[in-house]
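S.K.: Structure of the sequence below:
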Amino acid sequence: MELNEALAKLAELQRKLYAYQAASSSLYLDGTTVAPKDTAEGRGVALGILAGERHKLFSAPEVGELLDFLWARKDELEHPVRRQVEELRRSYAQLTRIPADEYMEYAMLTNEASDVWHRAKEKSDFELFRPVLEKLVAFNIKFAGYYDSTKAPYDALLNEYERGVDMKYLDGFFATLRERIVPLIHAIGEKEQIDDSFLWRPYPVEAQRKFSDYLMEVLGLDRAHCTIGETEHPYTLEFNNKDVRITTNYDEGNVSFSMFSVIHEGGHAKYELGISDDLQYTCLAGGVSMGVHESQSRFYENLIGRSLPFIQAIFPKMREFFPEQLGGVTAEQFYRAVNKAQPSLIRTEADELTYCLHVMVRYEIEKQLIGGTLAVKDVPATWNRLYKEYLGVDVPDDKRGCLQDSHWSGGSFGYFPSYALGSAYGAQMLRNMEQDIDVWGPVSKGDLSQVSNWLREKVHQYGGLMEPADVVKNACGDFDPTVFADYLEKKYSELYGL
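M.R.: Below you'll find the model as predicted:
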């Protein structure tokens, strides 16, 4: 086989893999947004077949031969192609260890689990979800052995979301945050609490939809390439850098929930839309890791979206959308309200300070579930105990407890730590950004273009072209979680006069 012929086959393989992924993503998007409720079975059949066909395509012996042929000639390949071959060989080795029937069964299980989770959450009934969660945990323990049998199962799963990260690293990372954050929360608890009552007035959903459109405009999201839908649990789904979908969920009783959901998912979308055209329809056309992806969403949501300059920029327009609700409220009052620090039940509604404690609860539970030291039936009790221990709050029911997140129903064990890592990465990116450009002058005028350009240059354009640690180093320098702790201490000490 000639090298040019092999490269053509490589490109064709990746486009076919993209097509299967796009088809599966379309079914998932439809199922979580506009499909009738009781329709999961049909999608499950289709998703199972698509997963099986994709598995058959990618695990074929001739694919392994093609990748080995190209890897033997890696010195002749341009860097992007060499990187594609490297990543595909890693995925191929992993996938070929998973029996095709198990791969298809798992795809159908996650589809079923999504439907069961929605019903269990509606009824606040963990027992309804427990049998399917037991299957998901068992599958993930088994798959961890396929991924990397030299690692502890949970380390192997963590590596799927943030390569190079393991329990030892995360135990140290979370210990650093806990040591700095918990005393800060206690100190704030002794101060007079910020008034955020105006956030909880009735905010008509239709006005919130129009406000979401405005926020997407401020973020610089081109609506010709990025749409917004509504779903139970907000997420971002990318097809390519010309087609990204974000979703949100509107709470008529709290305007800030969807506001920051849109900004958060908009950050994910900015990342995907900023990936180089040259990488599209290849295995490199996506965020390099979940931690880096979350660094972008939480950068826009918290570091920019909850900053005083940004609030001052958008508040006049916001009062036009909600004149009755925000009458007599100043931009500074709104800024203080959306940064109120108070331990709470719901992760997606948590303030910037206490958020990482929500992640720690999930990390501890996942670590024990996959490690075999916690039975699924004991998840609610363990969850409730940790929420009391870490956040000092009592969990009243499963809906606001262990059923609040969709991640486990999708089989995403090992994902949650990425949220905390992303927050810490983002704080360090901001520090470096402030040394390179004037961040706050333009932001105070509602202009995020310079911020987005910096992030595109340092992070977005590369997609998966570099290892996660190299992308982090490119934007952060040497990663140091104390930078994030310093940022939180400074911000909240000023807010609460500590």
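
S.K.: ranges for the strands of this structure?
M.R.: For the chain, the strands defined by DSSP state E cover 226-230, 236-240, 243-248.

S.K.: how about these in a markdown table, adding distance to V376, mean neighbour count and mean pLDDT?
M.R.: Heads up, the C-betas are built off the backbone N, CA and C, glycines and all. Shown next, in a markdown table, are these (distance: least, C-beta to C-beta, whole Å; neighbours: other C-beta atoms under 10 Å; pLDDT from 0 to 100):
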| stretch | distance to V376 | mean neighbour count | mean pLDDT |
| --- | --- | --- | --- |
| strand 226-230 | 31 | 18 | 97 |
| strand 236-240 | 28 | 20 | 97 |
| strand 243-248 | 28 | 22 | 98 |
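
S.K.: quick one, which of the ones you listed is nearest to K16?
M.R.: Closest of these to K16 is strand 236-240, at 14.7 Å (criterion: C-beta to C-beta).

S.K.: Tabulate the CA atom coordinates of that closest one in CSV.
M.R.: The C-alpha coordinates for strand 236-240 follow below in CSV (Å, rounded to 0.1, in the frame of the first residue of the first chain):
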residue,chain,number,x,y,z
THR,A,236,-23.9,21.3,24.7
LEU,A,237,-23.7,19.0,21.7
GLU,A,238,-21.3,19.7,18.8
PHE,A,239,-21.5,18.2,15.3
ASN,A,240,-18.7,20.3,13.9
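
S.K.: What's the mean pLDDT across stretch 360-368?
M.R.: Mean pLDDT, stretch 360-368: 97.

S.K.: Please write out the alpha-carbon positions of that stretch in CSV.
M.R.: Extracted C-alpha coordinates of stretch 360-368, given in CSV (Å, rounded to 0.1, in the frame of the first residue of the first chain):
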residue,chain,number,x,y,z
MET,A,360,-16.2,16.5,45.9
VAL,A,361,-19.4,14.7,47.0
ARG,A,362,-19.8,13.1,43.6
TYR,A,363,-16.1,12.3,43.4
GLU,A,364,-16.1,10.5,46.8
ILE,A,365,-19.2,8.5,45.8
GLU,A,366,-17.9,7.5,42.3
LYS,A,367,-14.6,6.5,43.8
GLN,A,368,-16.3,4.1,46.2
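
S.K.: center of the protein, which residue is that?
M.R.: Residue closest to the average C-alpha location in the chain (C-alpha atoms, centre = their mean): E294, at 5.0 Å.

S.K.: okay, now the closest residue to that one other than its chain neighbours: neighbour count?
M.R.: Take E294 and drop its neighbours on the chain: the residue closest to it by C-beta to C-beta, 6 or more residues apart in numbering is G422, 2.6 Å away. By other C-beta atoms under 10 Å, 24 other residues sit near G422.

S.K.: do the same with the one 5 residues further on
M.R.: Taking other C-beta under 10 Å as the neighbour definition, A427 ends up with a count of 25.

S.K.: how about the strands of the chain, which one is nearest L70?
M.R.: strand 236-240 (23.5 Å).

S.K.: Next up, the contacts around the residue nearest to the centre of the chain.
M.R.: Neighbour list for E294: 418-419, 421-423, 425 [criterion: C-beta atoms under 8 Å, 6 or more residues apart in numbering].

S.K.: Ranking by neighbours, what's the top pick from the residues you listed?
M.R.: Ranking these using other C-beta under 10 Å puts L421 first, with 31 neighbours.

S.K.: Any figure for the gap between the residue nearest to the centre of the chain and F260?
M.R.: 14 Å (C-beta to C-beta, to the nearest Å).

S.K.: any common contacting residues for the two?
M.R.: When contacts are counted by C-beta under 8 Å, 6+ apart, the set common to E294 and F260 is empty.

S.K.: Spell out which residues sit in contact with the closest residue to I437 other than its chain neighbours, please.
M.R.: Nearest non-adjacent residue to I437, counting by C-beta to C-beta, 6+ apart: Q450, 5.4 Å away. The neighbourhood of Q450, defined by C-beta under 8 Å, 6+ apart, consists of 437-439, 442.
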